[in-house]
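>>> below: sequence and its predicted model.
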Amino acid sequence: MPNAPRRHAAQSLFVRFAACLLPVVVLIGCQAPVARDAGPAPILLQPGAPMTAGDDEPTVNMLRLAPTDCRLYAQVDDLIKLRGRADGDPLGSFVFQQMGDVYKSPLWQQITADLGLDNGAMIDTYFGQSLAVMRGKVEGRTSTVFVTRVEPGDLERFASALSHRQTAPPTHQGRFAIFHSPKQKGESPFTFAASRRLLIFGKSKDAPWLHRVVDHVGLALDPDRPLIYAAEPPPTTDSLLNEPPRQKLFDKLPAQHHAKLYARNAEHTEQHAVAIVRGENDVKVHYAAIMPTFDELAKQFYVGQGVDFGILPDSTISAASINLMKKTPEHIQFFNLLLFPRSLQTHVLPKLSTPVVVFLGKVAGERVKPDPGFDVPAIGVAVRLKDPSVSADLDRLVMSLRFIANLSELDLASSFFESARLVPGPPPFRVADFGNALVKQIDDDRLKRWAELPTSAGLTQLSFGRIGDWYVVCSQEAFFEDCVAAHQNAQRRLTSTSVFTAIPMQQRDGLLASGVSRAAPLSDLLAGIAEYWRDIGAGTAPDDPKAEKRIEEVERPLRQVAEAIETTHSFSVQFWRDKQGHLRGQIQFKADDVVPR
């Protein structure tokens, strides 16, 4: 597997990129601007050299301030205006929960109080114009700094409040005054660089990267100014603004946007660009990427066409329709052994078609036995069939996997003597008991605990069988019955709901995948599971701190996501390859005054 390390590195970059994308997306929905009181008397910033006549600090393109070795760049413009259009949006609260290192630090709270502001006014004042995040690697350490444009008087007041919180006077680096916050118990100290209109800051342990950015900014604004910080390699006047690969990707995205993000790996072979546009009642995230590793991976798949969510019922919460099918699946000899004397590549794969649809649904608690007291999740997959006769082979595969799973748990009685229960239908389907075998296949401890719901609600049974031209496998018998009803009545399908019709799915050339999610029901489902975990924890170990920590690890992220999306109507996603072979994507978050559940 000589290419495995590169593939895993690319996947890791993509995951980190996606993790950084969420805060940038939701940062454009926060609370309304708040009036502020006058703060302490300003002091005059005294940089090491006077401003030059050609200074363009107030209007410079922020991308010009990013050095070429910046690996991740994110920028949000006019945040103060966007905050005013999204009063009370919990997505903003969710962002600041994730950015607690800055906003919840004692130093930040002290300066906020010194200036006579609240958190909302503080954010408007110091991040309301343009906020950029720059991440790079210096001295073997990956580091992050924030760059923001601030009105001169406000920056003077901030510097004055900051100077009262440090024990030594500021130093100077070019046009910037450098402040080092004192170390406080339980908090990482920060380093700030302030000029007339720019504030650059980050954790003090990231100071080498901050100094490198400050030197680059000095060169970008004043090319003749001598360098102060001896960085290796030395900074140049080149910036991300003029880099051809970045320009090529952003040429594919809307020119008018409220936020943008650009990321790449160290070798500059993998590059990702995002532009975020906020409408009256929606947010669109436009994506373009250069990914040679994906190009190689795509050669292993057949690519289908069109948008097709099949017979999924209106009780579906989230679904992804994937137009990819692997030409040669992994572990093919293992599957051939299960099918012997038939084979996967000869008797099964030729009779399957794209898309493959994966889904999350919900079932009312009273429809399962015993009733767990809350709506339960149903997860599953549906595959389109070219030839319905292949369903017999698929039944055999699922039953063989059940046999091996129970055998691996040393459940000999279930393996040898229990058969799947046949539900006569029509159409007929089977229900097989997997016990704890499925949950134990999950490696992630937190995800495994999420799956450890009551037997009636968890991953203990699978219902499977053919419904028309589809083969469906899902975790709840009642949801399988919903799929049967949707097959018989098109009005009961996901594609007939107002959520689906409100976000048109485009039939694109090279379409790889399409997805849709009903945000409000997803919020309800996650909140119900979180409540279950809280209740069961209070009943089983009320005074055990370790048990409380384990419950909190599961409950907190569920509640955070539930609260973040509860006022969103729906969101959709599509990925495709354009004519130049670049990976493209569009995600749309839609809001509405009336949120159906």
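Yep, that arrived. Numbering: from 1, shown residues only.
>>> I'd say residue 502 and residue 570 touch.
Yes - judged on C-beta atoms under 8 Å, residue 502 makes contact with residue 570 at a distance of 6.5 Å. C-betas here are computed from N, CA, C, even on glycine.
>>> who has more neighbours, these two?
residue 570 (27 against 16; other C-beta atoms under 10 Å).
>>> quick check: closest non-adjacent residue to that one.
Spatial nearest neighbour of residue 570, excluding adjacent residues (C-beta to C-beta, 6 or more residues apart in numbering): residue 499 at 4.5 Å.
>>> same question for the helix or strand hosting that neighbour, mean pLDDT?
Element membership of residue 499, judged by DSSP states H and E, is helix 498-502. On average, the pLDDT along helix 498-502 is 79.
>>> so which elements touch the longest strand seen in the chain?
The longest strand of the chain (DSSP state E) is strand 352-363. The contact analysis (3 or more C-beta pairs under 8 Å, 6 or more residues apart in numbering; DSSP states H and E) places strand 352-363 against strand 316-322, strand 324-326, strand 376-385, helix 477-488, helix 519-540.
>>> chain center to the longest one: distance?
Relative to the centre of its chain, helix 519-540 is centred 21 Å away, using C-alpha atoms, centre = their mean, to the nearest Å.
>>> do the same with the third one
Between the centre of strand 376-385 and the centre of its host chain there is 23 Å, according to C-alpha atoms, centre = their mean.
>>> so residue 283 lies in a strand, does it not?
Yes - per DSSP: H, G, I helix; E, B strand; the rest coil, residue 283 lies within a strand segment.
>>> now it, nearest residue through space, not along the chain?
Excluding its sequence neighbours, the residue lying closest to residue 283 (C-beta to C-beta, 6+ apart) is residue 589, at 4.4 Å.
>>> and if you look at residue 62?
residue 132 (4.8 Å).
>>> OK, contacts around the one you found?
Residue 132 makes contact with 62, 65-66, 73-75, 146-148 under the criterion C-beta atoms under 8 Å, 6 or more residues apart in numbering.
>>> the helix or strand containing it - what's its average pLDDT?
When elements are assigned from DSSP H and E, residue 132 belongs to strand 130-138. Confidence for strand 130-138, expressed as mean pLDDT, is 88.
>>> count of residues packed around the closest residue to residue 534 other than its chain neighbours?
Once flanking residues are discounted, residue 534 sits nearest to residue 555: 5.6 Å by C-beta to C-beta, 6+ apart. Applying other C-beta under 10 Å, we find 18 residues neighbouring residue 555.
>>> over to residue 364?
The tally of other residues near residue 364 (other C-beta under 10 Å) stands at 12.
>>> list the residues that contact the nearest residue to it once chain neighbours are set aside.
Nearest residue to residue 364, sequence neighbours excluded (C-beta to C-beta, 6+ apart): residue 375, at 5.8 Å. Contacts for residue 375 were tallied using C-beta under 8 Å, 6+ apart; they are 362-365, 524-525, 528.
>>> same check, this time on residue 126
148, 150, 154, 158, 199.
>>> what helix or strand does the first one sit in?
With elements taken from DSSP H and E, the one containing residue 148 is strand 141-149.
>>> can you give the contact residues for that strand?
Here strand 141-149 makes contact (C-beta under 8 Å, 6+ apart) with 58, 62, 65, 71, 102, 126-127, 129-137, 197-203, 205-206, 208-210, 213, 217.
>>> which among those count as buried?
Buried members of the contacts of strand 141-149, counted by 16 or more other C-beta atoms under 10 Å: 62, 65, 71, 126-127, 129-136, 197-203, 206, 208-210, 213, 217.
>>> next one: the residue nearest to residue 364 from residue 106, what distance?
Remark: distance between residue 375 and residue 106 (C-beta to C-beta, to the nearest Å) = 41 Å.
>>> ditto for residue 335
58 Å.
>>> out of those two, which sits in the busier spot?
The residue with more neighbours, out of residue 335 and residue 106, is residue 335; 20 against 13, by other C-beta under 10 Å.
>>> am I right that that one sits in a strand?
No - per three-state DSSP, residue 335 lies outside any strand segment and is helix.
>>> that one touches residue 398, doesn't it?
No - assessed by C-beta under 8 Å, residue 335 is found out of contact with residue 398, at 11.6 Å.
>>> okay, now the unreliable bits of the stretch 151-300 of the chain?
167, 186, 221-237 (pLDDT under 70).
>>> where exactly do the helices run in it?
Using DSSP state H, counting those that start in this stretch, the helices of the stretch 151-300 of the chain run over residues 152-163, 207-221, 244-250, 292-298.
>>> packing partners of the third one?
To tie it back to what came earlier, the one meant is helix 244-250. On a contact count with 3+ C-beta pairs under 8 Å, 6+ apart, helix 244-250 meets strand 259-264, strand 271-278, strand 282-290.
>>> out of the ones you listed, which comes closest to residue 300?
strand 282-290 (18.4 Å; C-beta to C-beta).
>>> okay, and the beta partners of residue 378?
Beta-bridge partners for residue 378, by DSSP bridges, are residue 361.
>>> so it is in contact with residue 473, correct?
No - using C-beta under 8 Å, residue 378 makes no contact with residue 473, being 11.0 Å away.
>>> who has more neighbours out of these two?
The neighbour comparison of residue 378 against residue 473 (other C-beta under 10 Å) goes to residue 378, with 26 against 19.
>>> list the contacts of that one.
Shown in contact with residue 378 (C-beta under 8 Å, 6+ apart): 360-363, 474-476, 478-479.
>>> among these, which two are most distant?
Greatest spatial distance among the contacts of residue 378 (C-beta to C-beta): 360 and 478, at 14.5 Å.
>>> compare the two (neighbour count), which wins?
Legend: neighbour count by other C-beta under 10 Å for residue 360 and residue 478, higher for residue 360 (21 against 18).
>>> tell me the spacing between the more buried one and residue 486.
Using C-beta to C-beta, we find residue 360 at a distance of 16 Å from residue 486.
>>> cool, and residue 125?
52 Å.
>>> try residue 218
Going from residue 218 to residue 486 by C-beta to C-beta gives 63 Å.
>>> which one (most neighbours) among the contacts of residue 132?
Among the contacts of residue 132, the one with the most neighbours (other C-beta under 10 Å) is residue 66, at 28 neighbours.
>>> tell me the confidence at that one?
pLDDT at residue 66 comes out at 90.
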